[in-house]
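Sequence first, then the predicted structure:
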Amino acid sequence: MTEPLLSVRDIQKQITLHILDGKRVDPLRGVSFDLAPGEFLGIVGPSGAGKSSLIKCLNRTYLADGGTAIFRTAEGSTVDLLSTDERTMIRLRRTAIHYVSQFLKAPPRVPAIDVVASVIVNRGGDPDEARIRAAEVLGMLGIGPDLQSSYPSLFSGGEQQRVNVARALVDPPRLLLLDEPTSALDSENRARVLEIVRRAQANGTAMIGIFHDIEMLTQLADNVIVLEDGRVAQHGPLGEVDIPGYIEAAAAEFA
Amino acid sequence: MEALTGTSGLATEAGVEQPLLSVRGLTKRYPTASGGEIVACEDVSFDLYSGEVLGIVGESGSGKSTVLQCLFQDVIPTSGEAYLAPFHEGTRNIWDADRRERRRLRTHDMSMVYQNPRQGLNLMVTAGGNIAERLLAADWRKVADIRDKAGDYLSRTEVPLDRMDDFPAFFSGGMQQRVQIAKALANNPALVLLDELTTGLDVSVQAGVLDLVRDIQHRLGMTAIVVSHDLGVIRLLADRTLVMKDGHVVESGLTDQILEDPQHPYTQLLVNCVTH
């Protein structure tokens, strides 16, 4: 059996809101799981269950308060994502781990093609080749040459999401953290995203994805975790996990 | 932050990357007329690695500009140590430098872009001449090379070449900042210090200057410290950020973490004051 790509043990996260007189929230109360190389792990749960908090902790956007998340790098060494130094985290974010949120956060006044190409350039790739590759991926997502040279800030929500997805998948890293990256897409575009994500999976990229969209989840996930109240309520292969009714209901709303 | 091993200087663990700059315990106090003391900054420590941009954010009086002024040696600290890789290979405190060494640090190894262009530019000299001055101070000698380089950097900072022989006194604020940036970069210093780069500029002008700095930083891989009270500037430019209040560093971390999961009460307040 291969070693896990990521071993998460007992992640805990508390938030103390000093500006609200020290009000405390506990989004994560001890979450553990393993992720195999190339595995797609879906995370579902009600609003506030801790899904986004979990993947933000893995990306160090949130500081976890306890637990470990041991990540195996391409070179074979291991790093605890929760406690490693900032320098290592910056390097991992550039080369091995990519977080994709719902919303495109790109610097203003950079054309879409360069927003996507920069991922490759930042890893030391050739700028011209990067742009060719970026144009290819954007084209696959229905973003043509006209839009490619425009600023994403002027795009519709769905177009921005597609640029966001292109940026994640133009040069897929070892681990992708996906936080509902298709929430604003119609079914035709979701199908395009599915196609690209599948290719990345086939090339060995592991993914942890939060999808409220049941259809995407069932098409992509190998395993599923149901999070409730900051803890793992269920964890197993897609067909064996009892996807709670409220997920299906929420999915119906978005369809 | 890595601990310094044994003797003072840059950490030298085998196989581990050394910081370009290590600051330890930087403190600056000013005496007041009534015999008291103002603490401009106290016990500031951080490491900075080659190719990184470190942000320092805080409100007026936080001490952030003092940190830069001390590093550039416009002001000499009350106490503290700083080790810079090009200066005696990081084994000597830059604040122990003699006059000649200090001048060399300021002309060859570091540069500063001031909030007020008048502090960073010689307004009695042309735009091109300002850059030439810096290159001459950094021991460039061939006139043809100097003029070429000046033109090159002015065009990189999008200052029209036909203004190269004009006096910056007659330029707009945004253009003056661009000349300052060109000047600060012209001799490829190891470390660039940017103090409130865009404060006082119109929003659209700010945008242009920020894009420029971001682009240059990506292409040249320059190492920089960006001081700003504007979280938007920090978010755009800095990989890591220090938050300062009343002269102290209250929090430090990856920029997106500081903005999305601020830990310290003051940082939470700062982050929640303005949409950014």
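Here it is on my side, so go on.

Model confidence for the closest residue to chain A within chain B, exactly?
Going by Cβ to the nearest Cβ, chain A is nearest to B:P265 of chain B, at 3.5 Å. Bear in mind the C-beta positions are built from the backbone N, C-alpha and C, glycine included. pLDDT for B:P265: 93.

How much space separates it from A:S53?
B:P265 sits 21 Å away from A:S53 when distances are taken as Cβ to Cβ, to the nearest Å.

Of the two, which one has the most company?
A count of neighbours by other Cβ atoms under 10 Å in any protein chain shown puts A:S53 above the other of B:P265 and A:S53, at 24 against 16.

Figure out the helix or strand that that one lives in.
helix A:51-58 (DSSP states H and E).

quick check: angle from the next helix or strand after that helix to helix A:51-58?
Using DSSP H and E, the next helix or strand after helix A:51-58 towards the C-terminus is strand A:66-72. Angle between the axes of strand A:66-72 and helix A:51-58 is 70 degrees (criterion: axes from the mean of the first three to the mean of the last three Cα atoms, to 10 degrees).

Mind listing the strands whichever helix or strand B:I56 is part of pairs with, and their directions?
Here B:I56, judged by DSSP H and E, is contained in strand B:53-58. With DSSP bridges as the test, strand B:53-58 is paired with strand B:223-228 (parallel), strand B:240-245 (parallel).

Tell me the first helix or strand C-terminal of that strand.
Counting by DSSP H and E, what follows strand B:53-58 is helix B:64-72.

for that following helix, the distance to its chain's centre please.
On the basis of Cα atoms, centre = their mean, to the nearest Å, helix B:64-72 sits 8 Å off its chain's mean C-alpha point.

now that helix: mean pLDDT?
pLDDT averaged over helix B:64-72 gives 96.

cool, stretch A:44-62 as well?
Mean predicted confidence for stretch A:44-62 is 93.

for stretch B:33-41, same thing?
For stretch B:33-41, mean pLDDT rounds to 92.

Off-centre distance for that stretch?
25 Å.

what do you get for stretch B:168-184?
Stretch B:168-184 sits 16 Å away from the centroid of its parent chain (Cα atoms, centre = their mean).

Ok, stretch A:44-61 next?
Using Cα atoms, centre = their mean, the offset of stretch A:44-61 from its chain centre is 10 Å.

now do stretch B:248-262
Distance, centroid of stretch B:248-262 to centroid of chain: 19 Å (Cα atoms, centre = their mean).

CA-only coordinates of that stretch in CSV, if you can.
What follows is stretch B:248-262, C-alpha atoms only, in CSV (Å, rounded to 0.1, in the frame of the first residue of the first chain):
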residue,chain,number,x,y,z
HIS,B,248,5.9,46.9,18.6
VAL,B,249,5.3,44.0,16.2
VAL,B,250,2.1,42.6,17.5
GLU,B,251,1.6,39.9,14.8
SER,B,252,3.4,38.4,11.8
GLY,B,253,2.5,35.8,9.3
LEU,B,254,1.6,35.0,5.7
THR,B,255,-0.2,38.0,4.3
ASP,B,256,-3.4,36.1,3.5
GLN,B,257,-3.5,34.6,6.9
ILE,B,258,-3.1,38.0,8.6
LEU,B,259,-6.0,39.4,6.6
GLU,B,260,-8.3,36.4,6.9
ASP,B,261,-7.4,34.9,10.3
PRO,B,262,-6.0,37.8,12.3
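
pLDDT of it, averaged?
96.

Enumerate the positions of that stretch that are buried.
B:248-259, B:261-262 (16 or more other Cβ atoms under 10 Å in any protein chain shown).

likewise stretch A:2-22?
A:P4, A:L5, A:L6, A:S7, A:V8, A:R9, A:I11, A:Q12, A:K13, A:I15.

what pLDDT does residue 121 get?
Reading this off chain A. Confidence score, pLDDT, at A:V121: 87.

ah, I was thinking of chain B
In this model, B:L121 carries a pLDDT of 93.

So it is in contact with B:N130, correct?
Yes. Look at B:L121 against B:N130 with Cβ atoms under 8 Å: they come within range, at 5.4 Å.

Could the C-alpha coordinates of stretch A:188-196 be exported in PDB?
Output of stretch A:188-196 as PDB, limited to C-alpha atoms (Å, rounded to 0.1, in the frame of the first residue of the first chain):
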ATOM      1  CA  GLU A 188     -22.500  23.300 -19.700                       C
ATOM      2  CA  ASN A 189     -19.600  25.000 -18.000                       C
ATOM      3  CA  ARG A 190     -19.700  22.600 -15.100                       C
ATOM      4  CA  ALA A 191     -19.300  19.800 -17.700                       C
ATOM      5  CA  ARG A 192     -16.200  21.500 -19.100                       C
ATOM      6  CA  VAL A 193     -14.700  21.900 -15.600                       C
ATOM      7  CA  LEU A 194     -15.400  18.200 -14.900                       C
ATOM      8  CA  GLU A 195     -13.500  17.300 -18.000                       C
ATOM      9  CA  ILE A 196     -10.400  19.300 -17.100                       C
END
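
so how far is the strand holding B:I56 from its chain's centroid?
Counting by Cα atoms, centre = their mean, strand B:53-58 comes out at 10 Å from the chain centroid.

now do stretch B:120-140
Its chain's C-alpha centre and that of stretch B:120-140 lie 19 Å apart, by Cα atoms, centre = their mean.

And that stretch, what's buried?
Using 16+ other Cβ under 10 Å as the burial criterion, the residues of stretch B:120-140 that qualify are B:120-121, B:126-135, B:138.

Would you mind giving those residues as a markdown table with distance to chain A and secondary structure added?
Shown next, in a markdown table, are the buried residues of stretch B:120-140 (distance: Cβ to the nearest Cβ, whole Å; DSSP: H, G, I helix; E, B strand; the rest coil):
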| residue | distance to chain A | secondary structure |
| --- | --- | --- |
| B:G120 | 25 | helix |
| B:L121 | 26 | coil |
| B:T126 | 30 | coil |
| B:A127 | 24 | helix |
| B:G128 | 28 | helix |
| B:G129 | 31 | helix |
| B:N130 | 27 | helix |
| B:I131 | 26 | helix |
| B:A132 | 31 | helix |
| B:E133 | 32 | helix |
| B:R134 | 29 | helix |
| B:L135 | 28 | helix |
| B:A138 | 29 | coil |
